[in-house]
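K.L.:
Below are the sequence and a predicted model for it; my questions follow.
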Amino acid sequence: MNEAKAARPAMARKTTAHGALTAQVYLLGRAKATLLWALAGFLPVALLAAGLLMRLPGIPLALLALVPTPALEVALALNHRRLWPAQETLSWLDWSTLQDRQKQVGGKYPSNPRQAEAWLAAHPEGSVPDGSRVGALLAAGKVAEAREVIARLQVETAGQRHRRADLELAAEVTDGLPLDTAAADEAIRSDPDEPPALVAAHLAYHAALKVVAAGGDGTAPLAAVRPSLGRLPSEVILRLWFSRLYYAVVSALIGAWLLACVVVGLGTAGGVVWF
């Protein structure tokens, strides 16, 4: 399942089921990003200019520059709380995949075609487990090569069968083929080494992929399984909150920078020597 998460071919060519699911879960999109960046960059400038025109004293002027825009960005983030359970499930699965890869190969694993090409050049065949190379090949869009490696993987144990079925599904996702998750579902259910929470999350992810591939909203299966995951690792929680509050933090920093520029400008105009 999670190998499919890493399979991100150039989006200019096509959008995979995973890419569409990620966009639904995290509300990704150029229009949204443009709006949030515009608010973060323009609104503090407009409010500070209005405060200067109204000749507001120091503290009200500072509050005008630092508070309204971040508050608005936070409100916009909170407006999408219904998606948080799905975000937490998908982020936890991503984190679990990263932990697994670090145990296998160490270092930073590629997440886009350019990084994947560089990683493959630095890790030729035989230097790392074949399964790890498959993930990088799929990330680079080299589906045919990835399938050749998948065909050579051993299937003697339940864990090996699970791993191979997972990679086969990842190849289907990357290739944009009609999804059949039955083999991957059965393989992970039959793997005694997988914790129940991880099995449930994998199955929910597979179900979400199928819904998205059929043109529906895949967030519901991910949200439904969230309670079974329990408390998330602190690293996952921090990443989630950073992504949710990113634009609020950016707008606060812009406001602080603008305010500092005003203070320095007024002080310089008044004859203050700063250095």
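P.N.:
Yep, that arrived.

K.L.:
contacts, neighbours, all on C-alpha from now
P.N.:
Noted.

K.L.:
okay, now the closest residue in space to L39 that isn't next to it in sequence: neighbour count?
P.N.:
Leaving aside its chain neighbours, L39 sits nearest to T69 (7.2 Å; criterion: Cα to Cα, 6 or more residues apart in numbering). For T69, the neighbour count with other Cα atoms under 10 Å is 26.

K.L.:
got a list of what T69 touches?
P.N.:
Contacts here follow Cα atoms under 8 Å, 6 or more residues apart in numbering; on that basis T69 touches L39, A40, L43, P44, A248, S251, A252.

K.L.:
sec struct for it, please.
P.N.:
helix (DSSP: H, G, I helix; E, B strand; the rest coil).

K.L.:
So for it, what's the pLDDT?
P.N.:
pLDDT for T69: 92.

K.L.:
Could you do the one 10 residues further on as well?
P.N.:
Per-residue pLDDT puts N79 at 89.

K.L.:
cool, V272 as well?
P.N.:
46.

K.L.:
In this structure L203 contacts D185, no?
P.N.:
Yes - L203 is within contact range of D185, at 6.2 Å (criterion: Cα atoms under 8 Å).

K.L.:
how near is the residue nearest to L39 to K32?
P.N.:
Distance from T69 to K32, counting by Cα to Cα, to the nearest Å: 16 Å.

K.L.:
Number of residues surrounding L137?
P.N.:
26.

K.L.:
so which strand or helix has it?
P.N.:
Element membership of L137, judged by DSSP states H and E, is helix 130-139.

K.L.:
tell me how far that helix is from the chain's mean position?
P.N.:
How far helix 130-139 lies from its chain's middle: 19 Å, per Cα atoms, centre = their mean, to the nearest Å.

K.L.:
quick one: average confidence on that helix?
P.N.:
On average, helix 130-139 scores 86.

K.L.:
residues making contact with it?
P.N.:
Residues contacting helix 130-139 (Cα under 8 Å, 6+ apart): 3-4, 6-9, 101, 104-105, 110-113, 116-117, 119-120, 125, 143, 145-147, 149-150, 153, 163, 167, 170-171, 174.

K.L.:
For that helix, which residues meet the burial criterion?
P.N.:
Buried residues in helix 130-139, counted by 16 or more other Cα atoms under 10 Å: G131, S132, R133, V134, G135, A136, L137, L138, A139.

K.L.:
same check, this time on stretch 167-187
P.N.:
Neighbour counts using 16+ other Cα under 10 Å place 167-175, 179, 181, 183-185, 187 of stretch 167-187 among the buried residues.

K.L.:
start to end distance for that stretch?
P.N.:
Start and end residues of stretch 167-187 are separated by 11 Å (Cα to Cα).

K.L.:
right, and the pair among the buried residues of stretch 167-187 with maximum separation?
P.N.:
D175 and A187 (21.1 Å; Cα to Cα).

K.L.:
just so I have it, where are all the helices in this protein?
P.N.:
2-6, 17-26, 30-53, 58-66, 68-78, 84-104, 113-122, 130-139, 143-152, 158-175, 182-189, 196-213, 219-225, 234-269 (DSSP state H).

K.L.:
how much space between H162 and A224?
P.N.:
H162 is 23 Å from A224, by Cα to Cα.

K.L.:
Show me where this protein dips below the pLDDT cut-off.
P.N.:
1-14, 266-275 (pLDDT under 70).

K.L.:
how is it carved up into domains?
P.N.:
Split into domains by automatic domain parsing, the chain comes to 2-12+82-232, 28-79+236-269.

K.L.:
Same list, those domains, but as TSV with distance to H18 please.
P.N.:
Formatted as TSV, the domains of the chain follow (distance: least, Cα to Cα, whole Å):
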stretch	distance to H18
domain 2-12+82-232	6
domain 28-79+236-269	13
